[in-house]
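*Asks:* Got a sequence here, can you build the structure:
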Amino acid sequence: MADIAPFHVMDLLARARELEADGTRIVHMEIGEPDFDSPEPVIRAGVQALERSLTHYTPAVGLSALREAISEFYARRYRVTVDPARIIVTPGASGALQLVMGVLVNPRDEVLMADPGYPCNRHFVRQYEGRACPVPVDRSSAYQLTTALLREHWSRRCVAALVATPSNPTGTLIPQAELSAMTRFTSERGAVLIVDEIYHGLTYGQPPETAAALGDNVFVVNSFSKYFGMTGWRLGWIVAPAPWVREIDKLAQNIFLAAPTLSQHAALAAFEPETLEILDGRREVFRERRDALLPALRDLGFDIPVSPQGAFYLYAGCGAFTDDSYAFSRRLLEEAGVAITPGIDFGEFRPASHVRFAYTTSKENLQEGVERLGRYLA
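*Replies:* All right, here's what the predicted structure looks like:
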């Protein structure tokens, strides 16, 4: 447990709530959660499932109907055939990653991942006595791992590489050709590529491509939380190589048995045309927010060298203002009423000179936040 770090931003969020309780208005730009409610068709389906008493256990791998619906979603959106038998429904993407690491990682095994990156990933590896190996990434690779970086940092103990596209905290994508090359690289070494696609559906200016199209030696993780707006329903899925499905099934049975039943029935409505129309409209709202916030932060002096192509984050260099991003974030909260996330939450590579902004609030709130930042920095 000493190796498991907390989310430092949660301390800032707790302080923000205290300030709000005392009457101070806070502009929240730290929360990685869509500010939209779950789509009405999903809520309606959940209520109907409850009224029909659909509250009993499901198979550990998930409802057959939902696995088939996810498979059909891949066929319609990506033109990729995914056997429903390879799809495992999980309690969120976090549950998915826990299962994937559980079946892959033995003590002292290594998993490569980008630094900066989502902070929990290294802890999922540590949970099974493995070793997360963060690889420093910067603007030169759009803050992403590449085949060249895998080759440079690979060791005989590596069993997997984990990438995210779009990524948290940078919002950047990995080109499909690069993903394909990384898949070949890991396969040649008897290892696997794990691809986090939980922000798929939230890409701007280019159609998404899924790693599920790259063959059956890749683990693809997705979630109903971000694009589908179902954070509190705690639901995600894995597309797993066929030989690993039974192992994941066994582990899921023993860790949490199954994903929430009501959530699974509600998620069936997530793929209906009415719902997808709502979600695609929300994606356009996120794009508009990005297009407004990105130049505004650059004008203030934040260094954002790579324009994010997806998710809802801006990873910004703050070296012009501070050499301690946590203290900087704390002062912004206390003195300007703006909550952001310090770089310390995303790894060990230059965290003191970076912060993350989330555009998960309205354009009006973002504008107010920028104005407050401007006054404070001046």
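
*Asks:* my read: Ala132 touches Arg126, true?
*Replies:* Yes - under the criterion of Cβ atoms under 8 Å, Ala132 is in contact with Arg126, at a separation of 6.5 Å. (C-beta placed from N, C-alpha, C; glycine too.)

*Asks:* where's Arg131 relative to Val111, distance?
*Replies:* Arg131 sits 8 Å away from Val111, going by Cβ to Cβ, to the nearest Å.

*Asks:* hang on, Ile174 in a helix?
*Replies:* No - using DSSP: H, G, I helix; E, B strand; the rest coil, the assignment for Ile174 is coil, not a helix.

*Asks:* quick one, what contacts it?
*Replies:* 144-145, 163, 165, 182 (Cβ atoms under 8 Å, 6 or more residues apart in numbering).

*Asks:* now do 10 Å
*Replies:* Counting by Cβ atoms under 10 Å, 6 or more residues apart in numbering, Ile174 touches 114, 141-142, 144-146, 163-167, 180, 182, 195, 209, 211.

*Asks:* which element follows the helix or strand encompassing Gln264 toward the C-terminus?
*Replies:* Using DSSP states H and E, Gln264 maps to helix 261-267. Next along the chain after helix 261-267, taking DSSP H and E as the criterion, comes helix 273-300.

*Asks:* Now that following helix: buried residues?
*Replies:* By neighbour count on 16 or more other Cβ atoms under 10 Å, the buried set for helix 273-300 is 275-276, 278-279, 282-283, 285-287, 289-290, 293-294, 296-297, 300.

*Asks:* And stretch 47-62, by the same measure?
*Replies:* Buried-residue list, stretch 47-62, by 16+ other Cβ under 10 Å: 49, 54, 58, 60-62.

*Asks:* now the residues you listed in TSV, with distance to Gly369 and pLDDT?
*Replies:* Shown next, in TSV, are the buried residues of stretch 47-62 (distance: Cβ to Cβ, whole Å; pLDDT from 0 to 100):
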residue	distance to Gly369	pLDDT
Ala49	39	98
Leu54	42	97
Thr58	42	97
Ala60	43	98
Val61	43	98
Gly62	39	98
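
*Asks:* Could you dump these into CSV and include secondary structure?
*Replies:* Formatted as CSV, the buried residues of stretch 47-62 follow (three-state DSSP):
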residue, secondary structure
Ala49, helix
Leu54, coil
Thr58, coil
Ala60, coil
Val61, coil
Gly62, coil
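
*Asks:* which of the residues you listed lies closest to Ala191?
*Replies:* Of all the buried residues of stretch 47-62, Ala191 sits closest to Val61, with 24.0 Å by Cβ to Cβ.

*Asks:* tell me the contacts of the closest one?
*Replies:* 67, 84-90, 237-238, 240, 245-246, 248-249, 252-253, 258-259.

*Asks:* So which of those residues are in strands?
*Replies:* Using DSSP state E, the subset of the contacts of Val61 located in strands is 87-90, 237-238.

*Asks:* Can you tell me which of those comes closest to Met10?
*Replies:* Nearest member of these to Met10, counting by Cβ to Cβ, is Thr90, at 23.2 Å.

*Asks:* Excluding chain neighbours, what is closest to the closest one?
*Replies:* Spatially, and ignoring its direct neighbours in sequence, Thr90 is nearest to Ala96 (4.1 Å; Cβ to Cβ, 6 or more residues apart in numbering).

*Asks:* what ranges do the helices span in the stretch 1-150 of the chain?
*Replies:* 8-21, 40-51, 64-73, 92-104, 120-127, 147-153 (DSSP state H, counting those that start in this stretch).

*Asks:* ok, Val195 to Ser225 distance?
*Replies:* 17 Å.

*Asks:* swap in Leu202?
*Replies:* 11 Å.

*Asks:* Run a quick check on Arg15 versus Ile26, I expect a contact.
*Replies:* Yes - with contact defined as Cβ atoms under 10 Å, Arg15 counts as touching Ile26 (9.4 Å).

*Asks:* More neighbours: these two, which one.
*Replies:* Higher neighbour count among Arg15 and Ile26: Ile26, with 21 against 15, using other Cβ atoms under 10 Å.

*Asks:* hang on, Gln176 packs against Val80?
*Replies:* No - applying Cβ under 10 Å, one finds Gln176 not in contact with Val80, separated by 11.5 Å.

*Asks:* Can you check which residues contact both of those two?
*Replies:* Joint contacts of Gln176 and Val80 (Cβ under 10 Å, 6+ apart) are 209-211, 213-214.
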